[in-house]
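Trainee: Give me the fold of what follows.
(2 chains)
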Amino acid sequence: MQSIRFYSGLVLLTATLGFSGGAQAQLFPQAKLPQQTGEAIYKGVCQTCHMPDAKGAVGAGTYPALANNSKLEVSGYPVAVVIHGQKAMPSFGQAMSDEQVANIVNYVRTHFGNNYKDSVTPDDVKAAR
Amino acid sequence: MSDPQQPKSRRDLLKLIGRTAGTAVMYQAMVDMGYAATSDFTGPVKLSGDVKKASVLILGAGIAGMVAAYELRKAGYRVQILEYNGRPGGRNWSLYGGDTYTEMGGLTQHVRFDKGLYFNPGPWRIPYHHQGILHYCQALNVPLEPFVAINNSSYIHSARAFGGKPMRYREVVADYDGYIAELLAKAVSQNQLDGALSKDEKDGLMVMLRTWGALDKNFEYKMGDASSNMRGYDKPPGGGLDSVPVNSEPMARKDLFSSAMWISLFLNKTWDFQSQLFQPVGGMGMIGKAFGQALNGLIRYNCQVTGIKQDDQGVTVTYKDQKNGGKVETATADWCVNTIPASVLSQIPMAVSSRLRNAVDSLSYIPAAKVGLQFKRRFWEEDEAIYGGVTYTDQPIFNISYPSHGFFQKGPGVLLGAYAFASMNTYGMESLSAPDMIQAALDQGANIHPQYKSEFQHGVAVAWHRVPWTLGCSGGWSDENRARHYDDMCAIDGRMVLAGEHCSRLPAWQEGAVLSALDAIKRLHQRVLSA
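Mentor: Got it, this is the predicted structure:
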């Protein structure tokens, strides 16, 4: 677990020095989240803690269920939590574009027993940053 | 250094990166580039004075909590520890055959490693300058052995360079050194550096470059005796007849320079990974076990803290006794050392200042994923002459690390098949179920070691965000957040003080837990004496 500062420093270096794409090899991965669609982001990140069925998990602390979650009714709430984080939930505002944030929020608000019709737009996300 | 673009410290490097790459990239730096990885351990702590049998309740039997208990008991305090797990150690943890591990979400893995083989899901190496944790290893009679950090025979692998062919570490080192020396020698001999170098400096530099870079008599780096003496041979020198060595061909310069393989070399040049590193004999978890034995009778296991109250008389902690059907109990003491990770503590009601509450609530934990793999035989030794050390790859597994112990043994061996850490695509590993993570480690590892497919026996995968007692790997301090909240996190709040790696500037290192605990109890002790 120890070497975080070096790996993260290296990620920075690769980006700084222009290794982040094209023909240039990038030995260490990116600081930006690669997934774009809501489903891909959910499966690539969110389900780590909130679980594949979005029912959350319990240990010494709790990861809340996103399934059938009435707190998702006001779309600004999940947008803010994704951007800024909340307690054990890391912030993803720097790692995700406005589109990615909108995509994941819209995905969660229309899956796992949630059925909120109003979509979040990238402009909504931009305004919430 | 006069060039403003030349970083002279990690702090400067961060600033440079921020300027050139923007704030988006700073996310990773925020996660932590940690300025002061230097341990400030100055020797065993001495807590003198009459503590009048004051009592201290310690929350958490990880390294920080057990260091605090060990030293406070010595100073005359009445000490008790509440621990969530059924064992001492916390993140100091090794998995052996016969162990089970149940992660958040309920999946249980049964470890089926052979006897004597193990895997460290958490910390796995101790730099020689982490004198605090090394002190306690000595005090507790935990035997240490060398941890091989750099192995010139391990590989550097990029899926995007050399057609995905792994290169030996020594070849990458030699070829970078050689080509850089050649270019510099060319610049010097063409008088391009005359403004910067005196005649004497030029002469000295040319001699150095030729030797250091293994250049030929024309100051060129190419296939020959000199370069093979650095990068190795296609056929090494032998004895008797047919003993002439066959030199090896350096990589093409453009292929090497357009790869990013230098990054793996850079890593091992940094302070934390310089020789010598150590590991406890038999697994990192031996430290936690030894602490647990030394504190026998003081630790109450399987206790989940549910609330913390304090007033000017003392501290009262409520907890669920999981061995007793979750029965709610209370523990009281005059003072409290609280080592519960912030990711968990933020969910526990506490009577504390808003400053401390805000600090705890501000800290989320970073991702990390590790996979331990048992193979039928130590093929990395038998087939490839790799004895310990780390192979680096740009695949999501990041690392393959070979055991630094049990060299030349016949039969099965366990290696670290993945150590993904702290970057955005670490979530890509963490988000996999344990069986899928093991499969990913096998698929990616087979690109470096084809033997994986026929030799694999058992695997164990740990995603740190699903570890029930930490909800993540370690405190993910950003510079900004640390500036705002770190001092509040560490300050004594009424009758309680926090400790752990999250209260240190050595994030994710056990040394951070040790130093944080020592600093916390020194300050608490002063408070007790003056109370």
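Trainee: Would you mind confirming that B:A181 is in contact with B:D216?
Mentor: No: assessed by C-beta atoms under 8 Å, B:A181 is found out of contact with B:D216, at 11.1 Å. In short, each C-beta sits where N, CA and C put it, glycine included.
Trainee: More neighbours: which of these two?
Mentor: B:A181 (23 against 16; other C-beta atoms under 10 Å in any protein chain shown).
Trainee: a strand runs through that one, doesn't it?
Mentor: No: using DSSP: H, G, I helix; E, B strand; the rest coil, the assignment for B:A181 is helix, not a strand.
Trainee: From B:S227, how far off is it?
Mentor: Per C-beta to C-beta, to the nearest Å, B:A181 is found 11 Å from B:S227.
Trainee: Then B:K186?
Mentor: Following C-beta to C-beta, the distance that separates B:K186 from B:S227 is 17 Å.
Trainee: Looking at those two, which one has more neighbours?
Mentor: Between B:K186 and B:S227, counting by other C-beta under 10 Å, B:S227 is the more crowded of the two (25 against 13).
Trainee: show me what contacts residue 110?
Mentor: Let's take chain A. A:Y116 (C-beta atoms under 8 Å, 6 or more residues apart in numbering or on different chains).
Trainee: Oops, wrong one, chain B.
Mentor: Neighbours of B:H110 in contact, by C-beta under 8 Å, 6+ apart: B:D99, B:T100.
Trainee: swap in the one 10 residues further on?
Mentor: If you count contacts by C-beta under 8 Å, 6+ apart, B:N120 has them with B:W93, B:S94, B:L95, B:G283, B:M284, B:G285, B:K370, B:L416.
Trainee: Count the neighbours of the third one for me.
Mentor: When neighbours are defined as other C-beta under 10 Å, B:L95 has 23 of them.
Trainee: Might one say that it is in contact with B:P121?
Mentor: Yes: between B:L95 and B:P121 there is a contact at 6.3 Å, judged by C-beta under 8 Å.
Trainee: shared neighbours of those two, anything?
Mentor: Any residue near both B:L95 and B:P121 by C-beta under 8 Å, 6+ apart counts here, and that gives B:Y101, B:G372, B:V460.
Trainee: from those residues, which is closest to B:A64?
Mentor: Ranked by distance to B:A64 (C-beta to C-beta), those are led by B:Y101 at 22.1 Å.
Trainee: quick one: that closest one is in a strand?
Mentor: Yes: counting by three-state DSSP, B:Y101 is located in a strand.
Trainee: where does B:T42 land on pLDDT?
Mentor: B:T42 is assigned 85 on the pLDDT scale.
Trainee: got a pLDDT number for the closest residue to B:K327 other than its chain neighbours?
Mentor: In space, and not counting its chain neighbours, B:K327 is closest to B:D321: 4.9 Å by C-beta to C-beta, 6 or more residues apart in numbering or on different chains. For B:D321, the pLDDT comes out at 97.
Trainee: Contact partners for B:D321?
Mentor: B:D321 sits next to B:N302, B:C303, B:K327, B:V328, B:E329 when contact means C-beta under 8 Å, 6+ apart.
Trainee: how near is the second one to A:Y42?
Mentor: In other words, B:C303. 35 Å.
Trainee: For the nearest residue to B:G282 once chain neighbours are set aside, give me its contacts.
Mentor: Nearest non-adjacent residue to B:G282, counting by C-beta to C-beta, 6+ apart: B:Y118, 7.2 Å away. Residues in contact with B:Y118 (C-beta under 8 Å, 6+ apart) are B:S94, B:L95, B:Y96, B:G282, B:G283, B:G285, B:G372, B:V414.
Trainee: Between those residues, identify the one with the most neighbours.
Mentor: Scoring the contacts of B:Y118 on neighbours with other C-beta under 10 Å, the highest-scoring entry is B:V414 at 27 neighbours.
Trainee: Pretty sure that residue sits in a strand.
Mentor: Yes: assessed with three-state DSSP, B:V414 lies in a strand.
Trainee: For it, give me the pLDDT.
Mentor: So, for B:V414, pLDDT stands at 98.
Trainee: JSON lines please, covering the contacts of B:N120 and showing secondary structure and distance to B:S259.
Mentor: Putting the contacts of B:N120 into JSON lines (DSSP: H, G, I helix; E, B strand; the rest coil; distance: C-beta to C-beta, whole Å) gives the following:
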{"residue": "B:W93", "secondary structure": "coil", "distance to B:S259": "36"}
{"residue": "B:S94", "secondary structure": "coil", "distance to B:S259": "35"}
{"residue": "B:L95", "secondary structure": "strand", "distance to B:S259": "35"}
{"residue": "B:G283", "secondary structure": "coil", "distance to B:S259": "35"}
{"residue": "B:M284", "secondary structure": "coil", "distance to B:S259": "33"}
{"residue": "B:G285", "secondary structure": "helix", "distance to B:S259": "37"}
{"residue": "B:K370", "secondary structure": "strand", "distance to B:S259": "26"}
{"residue": "B:L416", "secondary structure": "strand", "distance to B:S259": "24"}
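Trainee: Looking at the residues you listed, spot the one nearest chain A.
Mentor: Nearest to chain A among those: B:K370, at 8.5 Å, using C-beta to the nearest C-beta.
Trainee: residue contacts, the closest one?
Mentor: B:F119, B:N120, B:P121, B:L416, B:A418, B:Y419, B:A420, B:A461, B:V462, B:W464.
Trainee: Same check on B:I150?
Mentor: B:Y169, B:N268, B:F273, B:S275, B:G389, B:V390.
Trainee: go with 7 Å
Mentor: B:N268, B:G389 (C-beta atoms under 7 Å, 6 or more residues apart in numbering or on different chains).
Trainee: Check whether it sits in a helix, strand or coil.
Mentor: B:I150 falls in the coil class when you classify it by three-state DSSP.
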